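Provided below are the primary sequence and the corresponding predicted coordinates.
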Amino acid sequence: MKQAKRPTQPVDPSSVRVRRSSRVASKPPPNYKEVPIEPWGRAGRPRRSYQRRDLLNRFYASDEARQDAIERAEQVELGLGSDFPTFLKPMLQSHVTGGFWLGLPVQFCKMHLPHKDEMITLVDEDGNEFPTKYLAKKPGLSGGWRGFAIDHQLVDGDALVFQLIKPTTFKVFIIRVSELTDNEENDTNSDVSPLDRSTKRIKPSTK
């Protein structure tokens, strides 16, 4: 016949002597208590936290509005002069939602940007700086671009003008896309300069 097992009594861990190597026997016992990690970035500043965008509420620009933003961006780029190299980049869904990958013009990168992976700083019109990861083989912006896009509420159809003011620093001008109304079409034919109209900011709908 099988003998019934006797119930084991719980052992107090503090009463058990832990066997330790002679090399560390004289050192204090390790503390395995979990310590919360502060969300600090490389420069000692708190990391930005970005909420995931609702992909079901994407904004899709019409062809007319997209072309209007591009034309206004071209006027902005023309007004910057030729002291620093520039390029224009219209925003697509893949740039501002989902993967958040921004491909850059290949020829521009070969002529003006580093030939290896490098950190590139984006400076907005208010002087705020955003470090991004530039991948030379792609070429394009990866890490950090998502934060810039969300922070500035970029949407499909926006047009951005990049001005290389330093070897690894871009000044970025944002030209907002907007569905043209009759009043805005009349503004296009008025004496208002394209640069003044380009600064009109329209927040994307959150409905």
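Thanks, I have it. Numbering: from 1, shown residues only.

contacts only, for Ala73.
Applying C-beta atoms under 8 Å, 6 or more residues apart in numbering, we find Ala73 in contact with 88, 90, 159-161, 173, 175, 198. Heads up, the C-betas are built off the backbone N, CA and C, glycines and all.

per-residue pLDDT of the closest residue to it other than its chain neighbours, please?
Among residues not flanking Ala73 along the chain, Ala159 sits closest, at 3.6 Å (C-beta to C-beta, 6 or more residues apart in numbering). As predicted, Ala159 sits at a pLDDT of 95.

any low-confidence regions in this protein?
Filtered on pLDDT under 70, the chain yields the residue ranges 1-58, 179-207.

which residues in it form helices?
63-79, 93-96, 106-112, 145-151, 182-188, 194-198 (DSSP state H).

and the ones you listed: which comes nearest Ala136?
Nearest to Ala136, of all those, is helix 106-112, at 7.3 Å by C-beta to C-beta.

now the residue nearest to Ala73: how far from Pro131?
Relative to Pro131, Ala159 is positioned 23 Å away (C-beta to C-beta, to the nearest Å).

kindly report the same for Ala73.
Distance from Ala73 to Pro131, by C-beta to C-beta: 24 Å.

and if you look at Glu71?
In terms of C-beta to C-beta, Glu71 sits 31 Å off from Pro131.

just Ser62 next, same as before
34 Å.

ok, those two, which is more surrounded?
Between Ser62 and Pro131, counted using other C-beta atoms under 10 Å, the more crowded position is Pro131 (16 against 12).

for Gln83, grab phi and psi.
If you look again at residue 83, you'll see it is Asp, not Gln. Backbone torsions for Asp83, taken as degrees, to the nearest 10, come to phi -70, psi -30.

okay, now it: neighbour count?
Neighbours of Asp83 (other C-beta under 10 Å): 8.

what about the strands in this structure?
86-90, 102-103, 118-123, 129-135, 140-141, 159-166, 169-175 (DSSP state E).

can you list the neighbours in contact with the second one?
The reference is to strand 102-103. With C-beta under 8 Å, 6+ apart as the criterion, strand 102-103 contacts 89, 95, 138-141, 145, 149.

how about the fourth one?
Residues from elsewhere that reach strand 129-135, judged by C-beta under 8 Å, 6+ apart: 113-114, 117-124, 140-145, 147-148, 151, 168.

Asn128: how many residues sit nearby?
11.

gap between it and Lys171?
Asn128 sits 11 Å away from Lys171, going by C-beta to C-beta.

now swap in Phe100 and tell me
21 Å.
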